[in-house]
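Visitor: Need a 3D model of the sequence below.
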Amino acid sequence: MQFNSTIDPDTLRAYDETHYRVLGNAPTTLRIGRANPDLAKLHRAFGVDCSAFITAANPFSEMTNATANTLRQAALAEELSRMNLRFIEGTGEHPSGTWPGEPSFLVLGLILSDAKQLGVKHDQNAIVWCGADTVPQLILLR
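Guide: Numbering: from 1, shown residues only. Now for the predicted structure:
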C-alpha cells in the first residue's frame, strides 16, 4: 500500500479491507492485492486487458445522504456512457458493516490515467484499478 498520502491511515486500511463486489450476470468480489480469475474471464469476454472499480458516492469519504449519492452516481454513469465505456454495477462494502455499501461501477477497458482522472473529477480519495494480471490495486488520488 502507498503511504505518501494526505488520507488518514485508518481510512487507507478500510479501503484495503473493503470487498469490491461486481454485480450483474457474472458476480465476483475484488480484493486488493488478490488475483481474481472471475475478473480475468470478464476481461476476456469483453476483449479488454484492464478495468477500474470506481464510485462517485461519498466524496473524499465523507458520508453523504442517499439522494446526493444517487445523483452523483447517475452523473458518473452518464459520463461513462458518453465515453462509450462498458460498465457493470457494483458496491464497495467493508466487512465490518460500519459504513454503508457504496454504489460503484466496474468499468471495463478503462486505462489507469483515465480512471485516475474520473476519480479526481468525482472527488474520490482513491480508485481500484486492475491490469492484465487482474490483481486489484488501490490507487490513491490524494
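
Visitor: switch to C-alpha atoms for all contacts and neighbour counts from now on
Guide: OK.

Visitor: Could you list the residues in contact with the helix or strand bottoming out on mean pLDDT in the chain?
Guide: The helix or strand of the chain with the poorest confidence is helix 9-17; it has a mean of 93 (mean pLDDT, DSSP states H and E). Contacts with helix 9-17, where a contact means C-alpha atoms under 8 Å, 6 or more residues apart in numbering, come from 31-32, 94-95, 138.

Visitor: And those, which two are furthest apart?
Guide: Of all pairs drawn from these, the greatest distance, 17.0 Å, lies between 95 and 138 (C-alpha to C-alpha).

Visitor: More neighbours: which of these two?
Guide: residue 138 (20 against 12; other C-alpha atoms under 10 Å).

Visitor: hang on, the more buried one packs against residue 130?
Guide: No. Using C-alpha atoms under 8 Å, residue 138 makes no contact with residue 130, being 9.0 Å away.

Visitor: And the average pLDDT for stretch 20-30 is what?
Guide: The pLDDT scores in stretch 20-30 average 95.

Visitor: Now residue 28: phi and psi?
Guide: phi -160, psi 170 (degrees, to the nearest 10).

Visitor: partners of it in the sheet?
Guide: Applying DSSP bridges to residue 28 yields these beta-bridge partners: residue 22.

Visitor: My read is that it contacts residue 21, right?
Guide: Yes. Taking contacts as C-alpha under 8 Å, residue 28 lies within contact range of residue 21: 5.9 Å.

Visitor: could the contacts of helix 9-17 go into JSON lines alongside secondary structure?
Guide: Shown next, in JSON lines, are these (DSSP: H, G, I helix; E, B strand; the rest coil):
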{"residue": "31", "secondary structure": "coil"}
{"residue": "32", "secondary structure": "coil"}
{"residue": "94", "secondary structure": "coil"}
{"residue": "95", "secondary structure": "coil"}
{"residue": "138", "secondary structure": "strand"}
